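# Take this sequence and fold it.
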Amino acid sequence: MKVFQHIRELRTAGGLTVTDITEDVTDLVRDSGITDGIACVYSPHTTCCVRVNEFESGFLEDFAQLLRRLVPSESYYAHDDWDRRTENICPEDMDQGNGHSHCMAMLLGTAGESIPVRDGELCLGTWQRVLFLELDRERDRRWLVQVVGT
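Numbering: from 1, shown residues only. I've put the predicted structure just below:
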């Protein structure tokens with residue numbers, strides 16, 4: 001059994017942006033030397049996530065509109081109420097609330113995806129891509145890949 005891990009960094013544009021990281025993940029799986037196993041692609045940020053889906057402009061527009069309807073940024077969020085909030089305070093968050101970003105992330109589920117690896121390749125469907133979703137403002141971010149197998 002082998003384990004390979006690598007961290008990548010990126011600067012996001014902010015505000016519901018989606019970055020296709022499939023080619024980078026594919027290259028890292030190949031670099032791992034693991035031919036059969038699983039690749040975990042993970043975001044260690046609470047307002048980002050990694051998802052597998054199509055990278056198609058119409059779908060991405062529909063998805064962003066759906067999230068904005070479900071979790072509007074202009075609504076009240078206790079997370080952004082500085083008269084109430086006393087935990088996990090980051091000074092830069094006080095300038096621009098991000099309660100809506102945290103709620104979106106919770107709706108989207110876990111922060112990463114696990115993708116089978118067979119014959120040294122990701123087992124993705126025809127149109128599937130590995131996507132990094134930024135739900136907050138422009139920031140420096142990172143994501144990691146851990147490949148486990150033989």
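
# and the residue of the chain positioned farthest from its centre, how far is that from Tyr76?
Distance from the C-alpha centroid of the chain, by Cα atoms, centre = their mean, peaks at Asp83 (30.3 Å). Asp83 sits 12 Å away from Tyr76, going by Cβ to Cβ, to the nearest Å. Yep, even glycine has a C-beta here, placed from its N, CA and C like the rest.

# still on that earlier bit, helix/strand/coil for the residue farthest from the centre of the chain?
Three-state assignment for Asp83 (DSSP: H, G, I helix; E, B strand; the rest coil): coil.

# And it, how far from Met94?
Taken as Cβ to Cβ, the span from Asp83 to Met94 is 12 Å.

# on contacts alone, who are the packing partners of the longest helix belonging to the chain?
Counting residues, the longest helix found in the chain (DSSP state H) is helix 57-70. Counting contacts by 3 or more Cβ pairs under 8 Å, 6 or more residues apart in numbering; DSSP states H and E, helix 57-70 packs against helix 99-108.

# run the last query once more with 10 Å
strand 17-20, strand 48-53, helix 99-108, strand 129-134 (3 or more Cβ pairs under 10 Å, 6 or more residues apart in numbering; DSSP states H and E).

# Mind listing what's buried along that helix?
Leu60, Phe63, Leu67 (16 or more other Cβ atoms under 10 Å).

# Let me know whether the first one touches Val18 as I believe.
Yes. Look at Leu60 against Val18 with Cβ atoms under 10 Å: they come within range, at 5.5 Å.

# and for the two, which residues touch both?
Common neighbours of Leu60 and Val18, counting by Cβ atoms under 10 Å, 6 or more residues apart in numbering, are Asn53, Leu131, Leu133.
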